[in-house]
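*Asks:* okay, here's the prediction I keep looking at, along with the sequence it came from:
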Amino acid sequence: MFEEAQLYSPVTSDGDGVTVHLSDDHPGAGDPAYRERRNEIAALALEWQPGEPAPPVEYTEAEQEVWRTVCRELRPKHERLAIAEFVEARERLALPTDGVPSLDLVSDRLRPVTGFRYAPAAGLVPLREFYGSLSVRIFHSTQYVRHPAVPLYTPEPDIIHEVIGHGHLLATPTFSELHRLTGEATHRLHDEENLRFLSRVFWFTLEFGVVVEDGELRAYGAGILSSYGEIDEFRAMEHRPLDLAEMGTADYDITRYQPVLYRAESLDEVRELIGGFFASCTDDSIAELRERAGAPV
Ligand SMILES: [Fe+2]
């Protein structure tokens, strides 16, 4: 099911400082040192003001090791299972694989390529702000690292997901443009239910999209490309043809690998159907799609 708050652990700030509220089933829930670390990193983002350099995080050896492990595991899988634009972007950005890069380093590498830059986020950024910022090529990103007990997958978007998944997509011609168009679409939508429709289309494409390239099914979604567990599974999942009305009204569960994926037959189909939707959708056109899907309008 779709619950935007499920994607992130809530962050609160009061007289006792900043607290990230991990759910009881979070891998770090019983680890006081991890909880303290999450609080520290969230506090850095809350103190940050636009225009300042991103707050530098001194990553611990354990966090660096998670980054190195994910980079090492994903590299050969990307060669086989990611679209060519993604692999080319990885070579072009040449982000460090031996330690977590700062958000400013990611911005410095991205800006000359597609103009995108990163801004720190403590946790959940409201949908309208998160997507809306993409229109001016700003990507809100967390800075924490997933718990080391479960390096292969995280339902929470950590810096590994944000940078290895989205960062490389934001360096590609096709997907930087689709991110930007999502931002433009957000500004045209005034109905919150229609914005959620847009976010579901984003979820099933830019987060979990797969496409046929050179006769093989490959991933272009940031969620798959940043998970060295899920990337091995997507070819065996149920694949359906791209269908805006269905994607925009489908429920999903972020706590496990996605069992249903929407498959494009070519990158041209992604650019035309999904890019065309982001470029032209309005409250009226989405209301029509929702009606077609039988969703309450
Ligand atoms: Fe994401």
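*Replies:* In hand now; what should we look at? Numbers count the residues shown, from 1 in each chain.
*Asks:* residues making contact with the helix of greatest length in the chain?
*Replies:* For the chain, the helix reaching the highest residue count under DSSP state H is reported as helix 61-81. With CB atoms under 8 Å, 6 or more residues apart in numbering as the test, helix 61-81 has contacts from 59, 86-87, 90, 97-100, 145-146, 148, 151-152, 160, 164, 218-219, 225-226, 228, 231-232, 234-235. For glycine as for every other residue, the C-beta is placed from the backbone atoms N, C-alpha and C.
*Asks:* make it 7 Å
*Replies:* 86-87, 90, 97-100, 145-146, 148, 151, 160, 164, 218-219, 225, 228, 231 (CB atoms under 7 Å, 6 or more residues apart in numbering).
*Asks:* report how many residues lie close to Pro56.
*Replies:* Pro56 sits with 11 neighbouring residues when counted by other CB atoms under 10 Å.
*Asks:* I'd assumed Asp104 was in contact with Arg111.
*Replies:* No - counting by CB atoms under 7 Å, Arg111 stays clear of Asp104, with 10.3 Å between them.
*Asks:* spell out which residues are contacts of both of these two.
*Replies:* Counting by CB under 7 Å, 6+ apart, Arg111 and Asp104 have no common neighbour.
*Asks:* hmm, back to that, quick one: the helix or strand following the longest helix of the chain to helix 61-81, angle?
*Replies:* Under the assignment DSSP states H and E, the closest C-terminal helix or strand after helix 61-81 is helix 84-93. Put simply, helix 84-93 runs at 140 degrees to helix 61-81, going by axes from the mean of the first three to the mean of the last three CA atoms, to 10 degrees.
*Asks:* pull the distance from the next helix or strand after helix 84-93 to the chain's centre.
*Replies:* Next helix or strand after helix 84-93 toward the C-terminus (DSSP H and E): helix 103-114. Remark: helix 103-114 is offset 17 Å from the chain centroid, using CA atoms, centre = their mean, to the nearest Å.
*Asks:* next, the buried residues of helix 103-114.
*Replies:* Across helix 103-114, burial judged by 16 or more other CB atoms under 10 Å covers 103, 105-107, 109-110, 114.
*Asks:* residues touching it, excluding its own?
*Replies:* Under the criterion CB under 7 Å, 6+ apart, residues 53-54, 92-93, 95, 116-118, 120, 141, 143, 163, 167, 170-171, 176 lie in contact with helix 103-114.
*Asks:* looking at these, state which has the most neighbours.
*Replies:* Neighbour tally across those (other CB under 10 Å): the maximum, 29 neighbours, falls on Leu170.
*Asks:* the strands in this structure, which residues?
*Replies:* For the chain, the strands defined by DSSP state E cover 11-14, 17-20, 117-120, 138-141, 210-213, 216-219, 238-241, 260-264.
*Asks:* note down every partner strand of the second one and its orientation.
*Replies:* Each strand that pairs with strand 17-20, with its direction, by DSSP bridges: strand 11-14 (antiparallel).
*Asks:* pull out the buried positions in the strand it pairs with.
*Replies:* Buried residues in strand 11-14, counted by 16+ other CB under 10 Å: Val11.
*Asks:* and Glu291, how many neighbours?
*Replies:* There are 12 residues near Glu291, going by other CB under 10 Å.
*Asks:* let the chain start at 8 from now.
*Replies:* OK, 8 is where the count begins now, so the last one is Glu298.
*Asks:* list, one by one, the residues from the protein near the ion.
*Replies:* 164, 229 (CB under 5 Å from the ion).
*Asks:* which one is Ile261 nearest to, not counting chain neighbours?
*Replies:* Spatial nearest neighbour of Ile261, excluding adjacent residues (CB to CB, 6 or more residues apart in numbering): Pro162 at 4.7 Å.
*Asks:* meant to ask about Pro248, not that
*Replies:* Spatial nearest neighbour of Pro248, chain neighbours left out: Arg270 (6.6 Å); criterion: CB to CB, 6+ apart.
*Asks:* wait, what's in contact with the closest residue to Glu54 other than its chain neighbours?
*Replies:* Leaving aside its chain neighbours, Glu54 sits nearest to Pro62 (6.8 Å; criterion: CB to CB, 6+ apart). Neighbouring residues of Pro62 by CB under 7 Å, 6+ apart: 51-52, 54-55, 127.
*Asks:* returning to what we had before: distance of the residue nearest to Ile261 relative to Arg297?
*Replies:* Look at Pro162 and Arg297: by CB to CB, to the nearest Å, they are 26 Å apart.
*Asks:* just Ala89 next, same as before
*Replies:* For Ala89, the distance to Arg297 equals 32 Å [CB to CB].
*Asks:* got a pLDDT number for Ser30?
*Replies:* For Ser30, the pLDDT comes out at 87.
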